[in-house]
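**Student:** My questions concern the predicted model and sequence given below.
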Amino acid sequence: MRFIVGFLSGVLGLLAGWAGLAVLVIALAGADREGGTAMGAFFNIGPIGGIAGFIAGVVLFIKFGVVAQAPSPPGTEGADATAAPPRTRVSPIFAVIVLALVAGLGWWGWYELIRSPYLSHGYMTLELQFRLPAGMALPADVNDVHIVMQEGEHRFPVTLGAAWHGTDVGRRVILAKASLSMKTSRRVVTLEIPGVPERAWPVSLPSDPDPTPGFSPWRMPSGADASKIEMNFSLNADH
């Protein structure tokens, strides 16, 4: 037990020293758009802090984690009891703190690395098609088309490419692509064009979806709508 708590204390010190020194270097270096400073601080300088932190963690365990055991009642140790060195044990409070920190870091690692808020397939491309009703013309300019994708709590505009429109059975279709990355049960896409207020469609996909075999059926927007614009989608893995 003493070895386990002492080793875990050293590991906690290693992680704290590694991360702390790396963050300090990044803060002192200032903003770095390309990320080179952060990479160098974490992989080249961080290990120095890790070594110092491991030593500090072990020293803290020796100083605060090991306490003298209460002496035995008189007459129970034998004749030479006074000559025996004092016995020590692991401090229960120190052990609980160390184990609680290790459990917390383990849960965080599970959440970020194993559960991970990012999609198992990595970034995925959501292809969107908005079919206008018969007789409705396309907007005169691509800048008149405003599409927003909501993925969980994040909202981001969808940029249309050069081939942003097409035709389906004589009806004009607006084409767009959005990049998905997060595991979430809430995905909503909105469309706003001249003469038509913003319309919203829920994107019915699992929280961690697989690529779809093709496009979904056409569907109307949420709520009552007189514009008769329909939407469908397909999802593809980027790799």
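**Tutor:** In hand now; what should we look at? Numbers count the residues shown, from 1 in each chain.

**Student:** When you work out contacts or count neighbours from here on, use the C-alpha atoms and nothing else.
**Tutor:** Noted.

**Student:** Any figure for the gap between residue 112 and residue 184?
**Tutor:** Noted for residue 112: a distance of 15 Å to residue 184, by Cα to Cα, to the nearest Å.

**Student:** no wait, residue 47
**Tutor:** Taking Cα to Cα, one finds residue 47 at 35 Å from residue 184.

**Student:** Next: residue 206.
**Tutor:** For residue 206 relative to residue 184 (Cα to Cα), the value is 8 Å.

**Student:** Break the chain down into its structural domains.
**Tutor:** As assigned by automatic domain parsing, the chain contains the domains 2-69+87-115, 124-237.

**Student:** Give the bridge partners for residue 201, please.
**Tutor:** Beta-bridge pairing for residue 201 (DSSP bridges): residue 189.

**Student:** Need the pLDDT of residue 17.
**Tutor:** Note for residue 17: predicted pLDDT of 86.

**Student:** Test my guess that it contacts residue 52.
**Tutor:** Yes - the criterion here is Cα atoms under 8 Å, and residue 17 meets it with residue 52 at 6.6 Å.

**Student:** Do a quick rundown of the strands in this structure.
**Tutor:** Counting by DSSP state E, the chain has these strands, from start to end: 66-68, 88-90, 124-131, 146-151, 154-157, 165-168, 171-180, 187-193, 196-202, 230-237.

**Student:** Just the C-alpha atoms of the longest one, please, in PDB.
**Tutor:** Listed in PDB are the C-alpha atoms of strand 171-180, where the atom choice follows Å, rounded to 0.1, in the frame of the first residue of the first chain:
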ATOM      1  CA  ARG A 171     -37.400  22.100 -59.500                       C
ATOM      2  CA  ARG A 172     -34.400  24.100 -58.500                       C
ATOM      3  CA  VAL A 173     -32.200  22.800 -55.700                       C
ATOM      4  CA  ILE A 174     -29.700  24.600 -53.400                       C
ATOM      5  CA  LEU A 175     -26.600  22.400 -52.700                       C
ATOM      6  CA  ALA A 176     -24.400  22.800 -49.600                       C
ATOM      7  CA  LYS A 177     -21.900  20.800 -47.500                       C
ATOM      8  CA  ALA A 178     -21.200  21.100 -43.700                       C
ATOM      9  CA  SER A 179     -18.500  19.500 -41.700                       C
ATOM     10  CA  LEU A 180     -19.600  17.600 -38.500                       C
END
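
**Student:** who are the neighbours of the lowest-mean-pLDDT helix or strand in the chain, in terms of helices and strands?
**Tutor:** Ranked by mean pLDDT, DSSP states H and E, the helix or strand of the chain with the weakest confidence is helix 36-40, at a mean of 78. Packing partners of helix 36-40 (3 or more Cα pairs under 8 Å, 6 or more residues apart in numbering; DSSP states H and E): helix 2-29.

**Student:** What are the buried residues along the helix it packs on?
**Tutor:** By neighbour count on 16 or more other Cα atoms under 10 Å, the buried set for helix 2-29 is 5-23, 25-26.

**Student:** Stretch 194-209 now?
**Tutor:** 199-203, 209.

**Student:** just stretch 182-194 next, same as before
**Tutor:** So for stretch 182-194, counting by 16+ other Cα under 10 Å, buried means 182-184, 187-191, 193.

**Student:** Quick one: mean pLDDT over stretch 91-104.
**Tutor:** On average, stretch 91-104 scores 89.

**Student:** how far does that stretch sit from the chain's center?
**Tutor:** 26 Å (Cα atoms, centre = their mean, to the nearest Å).

**Student:** Much appreciated, bye for now.
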